[in-house]
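Undergrad: Generate coordinates for the sequence data below:
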Amino acid sequence: MKDIPTLFAHQRETSDFIRARKTVFVSSDPGTGKTRSVLDSFMEYRNLGGKGRMLVVCPKSIMKPAWVNDIDKFYPGLTWAIAKAPDKTRLNAFRSGALVTVLNHDAAKWLKANFNELADFEWLVIDESTAFKNPTAKRTKALKDLAPHFEYRVCMSGTPMPNTVMDMWAQMFLVDLGQRLGPNYFQTRAKLCAPVINSQFTTWEDKPNSKDVLYDAISDLSIRHKLEDVVDMPEHLNYDIQIDLSTNLMAQYQDLAAESVLVLQDGLVNAVNSAVLTSKLLQLCSGAVYNEDKEYSLVHNERYELVTELVMSRAHSVVAYLWKHQLHELQRLAKKHNISNAAIVASMSPEERDDIVQRFQAGHFQVLFAHPQTAGHGLTLTKATTLIWSSPTWNSEHYQQFNRRIYRVGQHDRTEIINIAAANTWEPVVYERLAGKIEKEGHLLSLLQTKSNLLAA
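TA: The predicted structure follows:
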């Protein structure tokens, strides 16, 4: 049998932290090996006489690639079962006696309806716990009702606050049942956020000291490690490539921005509100726009050609796409230039996705096209040294998580993130605002990082 590598020091620290406290939030960077730390802590618990089983609730896309693969690689004696639809298969998984049962996020409501299946489970691990940040969502309510059953409760996310400190409330409730951030969401929001009232609705923005207050409240149950501080990582660059739209296309862009209407040869595209308008503008920059029937019309090819040129000049790349027209056109150009490629799409089964990832890691494809929401968590794509954003996303969690697919433990080469944007449009603004969200989230994470460093000293 191939020798199993020992844990990194930070993984050992996390494992010990979990076992000592039992209820923990792990906010270490994507790529630091959080999954193995949790599994190691569970194995130590079993070795010391613990009898309970572990339930892992995670995105469907990483049930096998992250959890099962880590079990087979590092703890081959640990039995596992994947509880996936239909109901009979899920029930068989819970009744199999496997020490680790892996369930997808969307099955939380099913789990509540089948509470009796949890009789011998003592561990609840919620991977990518931001899926439960909305306290009114049915799946969040379901897990909140189930959480008290488990003695060990672990939430994991390298990007725990994609928008506001209140993103943490429900996640921490699953850890400590409301002890640190309070049992009432609205009372906690009144303490940490301030209302901003406009003519149509009220929004809530973080107060200036909200992250410090949050840190003080949760620090005793939180552990975080920054990837660069715990692993000797190669150089990592993140830079923009700005391109100019043609005179004709810029005129169309400006018309759409000014009048919310763009007349194309194939029909009329209406932007009925500012959110839709912004989306239409970004679509136009990307190369196409969609009509009310969800059909798209191509308006230019320059963006796809640029991405293709970048791919052709590199050994292995990952390309993020946001709309189906991007995938179609990029794959068309890849075929034209004999570029070996594959794509991860939402309709794939976990087994199909895992197969593509393994083949990409083995060097079978020069480029992998993937949507950041579909392939943003748990996957290791370190064969690539370049990740290209063909268009910007508003979602900071998707942006950060997807970038970490290539920049993580196991990467030995210099990596680069390339953000493509059309000059004098909304695209550079999206990247700027995205960076602002990341900077705000980074303040709290840096506080947690400082605390973790002190614990290790």
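Undergrad: For Gln242, which non-adjacent residue is spatially closest?
TA: Counting by Cβ to Cβ, 6 or more residues apart in numbering, Gln242 lies nearest to Ala423, which is 4.5 Å off, once chain neighbours are set aside. Using the backbone N, CA and C atoms, a C-beta is placed for each residue, glycine as well.
Undergrad: The nearest residue to Arg46 once chain neighbours are set aside - how many residues pack around it?
TA: Spatial nearest neighbour of Arg46, excluding adjacent residues (Cβ to Cβ, 6+ apart): Leu99 at 7.2 Å. Close neighbours of Leu99, defined as other Cβ atoms under 10 Å, add up to 21.
Undergrad: Relative to His371, how far out is Arg353?
TA: Counting by Cβ to Cβ, to the nearest Å, the gap from Arg353 to His371 is 11 Å.
Undergrad: For the stretch 351-457 of the chain, which segments count as helices?
TA: Counting by DSSP state H, counting those that start in this stretch, the stretch 351-457 of the chain has helices at residues 372-375, 396-403, 426-456.
Undergrad: what sits against the residue nearest to Gln242?
TA: 242-245 (Cβ atoms under 8 Å, 6 or more residues apart in numbering).
Undergrad: same question, Leu143
TA: 57, 108, 111-112, 124, 126, 132, 174.
Undergrad: before we move on, what about Gln11?
TA: Contacts of Gln11 (Cβ under 8 Å, 6+ apart): 32-33, 36-37, 40.
Undergrad: likewise Phe360?
TA: With Cβ under 8 Å, 6+ apart, Phe360 has these contacts: 316, 342, 368, 381, 383-384.
Undergrad: Output those residues as TSV; include the columns neighbour count.
TA: Shown next, in TSV, are the contacts of Phe360 (neighbours: other Cβ atoms under 10 Å):
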residue	neighbour count
His316	22
Ala342	18
Leu368	26
Leu381	24
Lys383	23
Ala384	26
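Undergrad: Now tabulate those in TSV and tack on pLDDT and distance to Asn47.
TA: Output for the contacts of Phe360, formatted as TSV (pLDDT from 0 to 100; distance: Cβ to Cβ, whole Å):
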residue	pLDDT	distance to Asn47
His316	95	40
Ala342	96	41
Leu368	97	39
Leu381	94	33
Lys383	95	35
Ala384	96	38
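Undergrad: list residues touching both of Arg353 and His371?
TA: In contact with both Arg353 and His371: Ile344, using Cβ under 8 Å, 6+ apart.
Undergrad: So for the helix or strand in which Ala258 is found, what gets flagged as buried?
TA: Assessed by DSSP states H and E, Ala258 sits inside helix 247-259. By 16 or more other Cβ atoms under 10 Å, the buried positions in helix 247-259 come out as 249-250, 252-253, 256-257.
Undergrad: tell me which strands and helices that helix is in contact with?
TA: strand 261-264, helix 274-286 (3 or more Cβ pairs under 8 Å, 6 or more residues apart in numbering; DSSP states H and E).
Undergrad: any idea which of these scores lowest on pLDDT?
TA: When the helices and strands packed on helix 247-259 are ranked by mean pLDDT, strand 261-264 comes last with a mean of 51.
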